[in-house]
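Visitor: Prediction below, plus the sequence it came from.
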Amino acid sequence: MNSNKEQTSLFRRKPIAESEDKGLKRVLGALDLTTLGVGAIIGTGIFVLTGVAAAKYAGPGLVLSFLLAGIICAFAALCYSEFASTVPASGSAYTYSYTAFGEVIAWILGWDLILEYGFASAAVASGWSGYFQSLLSGFGIELPHALTSAFSPEKGTYFDVIASAITLIIAFLLTRGVKEAARANGIMVAIKLLVVLIFIGVGVFYVQPENWHPFLPFGMAGVTTGAATVFFAYIGFDAVSTAAEEVKRPQRDLPIGIIASLGICTILYIIVSLILTGIVPYQMLNVSDPVAFAFEFVNLNGLAWIVSLGAITGITTVLLVMMYGQSRLLYSMSRDGLLSPVFSKISGKGQTPAKGTWIASIIIAIFAGFIPLGDLAELTNIGTLFAFAVVSLGIIVLRRNHPNLKKGFRVPLVPWIPIISALGCVYLMTRLAPLTWIVFFIWLLVGLLIYFAYGRNHSLLNPNRKNR
């Protein structure tokens, strides 16, 4: 039992025994989690960012950028896996920090993740809209220009209706039940993996090795900047851990899902980037659809159309998992008293936090419709890297405070792997633009104001909490 002093402290910790909850249905297995992770990871990164990163930052050395980002993610994934098997509750890094560091750090991380999932979802929806409109134009269908993109009067656009629509469609799917969403996700993951494998199987015969020279046109500095840029491509494996309370055997299945999905995607990223820069000179890859463009470059236009369709499918799964992670994060923070109870109200046949999902989704739909894609994506990387660094250090604290805690998975070489993971994340954060840091700190400051105005007083760990 915590002392009253600790209960009123900013660093009061949530007991691990209280991390379990019976409100959500346990229906997911290791395969569901792996496809959920692959669904979240393979999408915008592989179909969009590969070209931009190669052309602007890394050249053919993009393969090293993906390898570097993948190694840092792998260390973070090990830390996530231990937490997920120890604290099998919804909320991901937020819940882990609550048990390791205490409430105010958990709030900061939860608020950070709201930023990550929310803006990433809006950014992905905006990217989905671009691909879908391109596909429609192939059939001679054109939307009114004012409704084709975000608010930009000088370009004659005011609202991206497609981006908002797909966000609300995904919200409807999520409120039907997690098993139904996972089933739809599994089908779409299979489709986009098939498309990626087609690109690899066909593209390898069109590789021109001379396109790989010079291999590092921007030097190692370009490789590290490229790694910070393509880190967006790895966002998603952490969303697997938000499903903890809906997993049949969390101690066993969560580590499998996290590590397997990350491993599969890292291998595919490396192979695709190698083939892509081998087919097309890197200087020509600064396009919105580099994988499809590569097939067009070698006059395989029919396959380029198939790749575009696969990209739409792939980005759909990313949006589904990002919005799923957002809804479960809000559910956890609300259940702990830090946010309004509307976000943790379970309802409907699917036993999901439907009202909270709809509220968050409508806000995301507004962002996706009005704010340009570039502005939406700027903060996603820094939020994710910050979360990974905190979770990594949390393993050291967890081991110190709970040395005899039973775990389904244990990070090897503690404290060295968590320290390397945290330092790697912080290093990539330093490669991001100064404006990104400024906006990030403003976001955290606003979050702290909300915590002291509402969350601290309503927290379930506050013995003097106000009625909710």
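Guide: Here it is on my side, so go on. Numbers count the residues shown, from 1 in each chain.

Visitor: Can you pull out the low-pLDDT segments for the stretch 351-468 of the chain?
Guide: 373-378, 406-408, 466-468 (pLDDT under 70).

Visitor: In what element of secondary structure is G51 found?
Guide: helix 50-53 (DSSP states H and E).

Visitor: ok, and for that helix, which residues are buried?
Guide: 50-53 (16 or more other CB atoms under 10 Å). Heads up, the C-betas are built off the backbone N, CA and C, glycines and all.

Visitor: next one: stretch 447-464
Guide: 447, 451, 454-456, 458-459, 461-462.

Visitor: Check stretch 303-311 too.
Guide: 303-304, 306-311.

Visitor: Check which element follows the least confident helix or strand in the chain by mean pLDDT along the chain.
Guide: Across the helices and strands of the chain, mean confidence by mean pLDDT, DSSP states H and E is lowest for helix 4-7: a mean of 50. Once helix 4-7 ends, the next helix or strand along the chain (criterion: DSSP H and E) is helix 30-41.

Visitor: Which residues does that next one contact?
Guide: 28, 182, 185-186, 188-189, 193, 233-237, 239-240, 243, 247, 249, 252-254, 256-258, 260-262, 264-265, 317-318, 320-322, 324-325 (CB atoms under 8 Å, 6 or more residues apart in numbering).

Visitor: again, 7 Å this time
Guide: The contact list for helix 30-41, computed with CB atoms under 7 Å, 6 or more residues apart in numbering, reads 182, 185-186, 188-189, 234, 236-237, 239-240, 243, 247, 253-254, 256-258, 260-262, 264-265, 317-318, 320-322.

Visitor: what does stretch 251-270 give?
Guide: With CB under 7 Å, 6+ apart, stretch 251-270 has contacts from 29-30, 33-34, 36-38, 41-42, 46, 63, 66-67, 70, 73-74, 77, 80-81, 84-85, 88, 196, 233, 237, 240-241, 244, 247, 408-409.

Visitor: Could you rerun that using 6 Å?
Guide: 29-30, 33-34, 37-38, 41-42, 63, 66, 70, 73, 77, 80-81, 84-85, 196, 237, 240, 247, 408-409 (CB atoms under 6 Å, 6 or more residues apart in numbering).

Visitor: Stretch 314-330 too?
Guide: 36, 39-40, 42-44, 90-91, 113, 117-118, 120-121, 124-125, 127-128, 170, 174, 185, 188-189, 192, 236, 239, 242, 343, 353, 356-357, 360.

Visitor: now, among the buried residues of helix 50-53, which is nearest to A106?
Guide: Among the buried residues of helix 50-53, A53 lies closest to A106 (CB to CB), at 33.1 Å.

Visitor: Surely that closest one is in contact with G226?
Guide: Yes: using CB atoms under 6 Å, A53 is in contact with G226, at 4.6 Å.

Visitor: Can you list the low-confidence ranges for the stretch 151-300 of the chain?
Guide: 177-182, 185, 239, 241-245, 288.

Visitor: What segments of the stretch 351-468 of the chain are helices?
Guide: Counting by DSSP state H, counting those that start in this stretch, residue ranges of the helices within the stretch 351-468 of the chain are 354-370, 373-377, 380-401, 416-430, 434-450, 456-458.

Visitor: Tell me the spacing between the closest residue to G310 other than its chain neighbours and N299.
Guide: In this structure, G310 finds its nearest non-sequential neighbour in V195, 2.8 Å apart by CB to CB, 6 or more residues apart in numbering. Distance of V195 to N299, computed by CB to CB, to the nearest Å: 19 Å.

Visitor: which one of the two has more residues nearby?
Guide: Comparing V195 with N299 by other CB atoms under 10 Å, the one with more neighbours is V195, at 24 against 10.

Visitor: Which elements pack onto the helix or strand that contains the more buried one?
Guide: Assigned by DSSP H and E, V195 belongs to helix 178-203. Applying 3 or more CB pairs under 6 Å, 6 or more residues apart in numbering; DSSP states H and E, we find helix 178-203 packed against helix 30-41, helix 250-279, helix 301-335.

Visitor: chain center to the longest one: distance?
Guide: Pointing back at helix 301-335 there. Here helix 301-335 is found 9 Å from its chain centre; the criterion is CA atoms, centre = their mean, to the nearest Å.

Visitor: swap in the first one?
Guide: Its chain's C-alpha centre lies 12 Å from the corresponding centre of helix 30-41 when counted by CA atoms, centre = their mean.

Visitor: And the next helix or strand past that helix?
Guide: According to DSSP H and E, the helix or strand after helix 30-41 is helix 44.

Visitor: Give me the contacts around that next one.
Guide: With CB under 6 Å, 6+ apart as the criterion, helix 44 contacts 124, 127, 315.

Visitor: I382 touches L432, doesn't it?
Guide: Yes: contact criterion CB under 6 Å: I382 and L432 qualify, at 5.5 Å.

Visitor: If you count surrounding residues, which of the two has more?
Guide: Just comparing I382 and L432: by other CB under 10 Å the higher neighbour count belongs to I382, 25 against 19.

Visitor: Roughly how far does that one sit from E116?
Guide: From I382 to E116 the distance is 9 Å (CB to CB).

Visitor: quick one, the helix holding V195 and helix 30-41 angle?
Guide: 60 degrees (axes from the mean of the first three to the mean of the last three CA atoms, to 10 degrees).

Visitor: now helix 178-203 and helix 250-279, what's the angle there?
Guide: Going by the same axes, to 10 degrees, helix 178-203 makes 30 degrees with helix 250-279.

Visitor: hang on, the earlier thing: hang on, isn't the residue nearest to G310 packed against I312?
Guide: No: counting by CB under 6 Å, V195 stays clear of I312, with 10.0 Å between them.

Visitor: Now stretch 203-216: buried residues?
Guide: Going by 16+ other CB under 10 Å, stretch 203-216 has these buried residues: 203, 206, 211-212.
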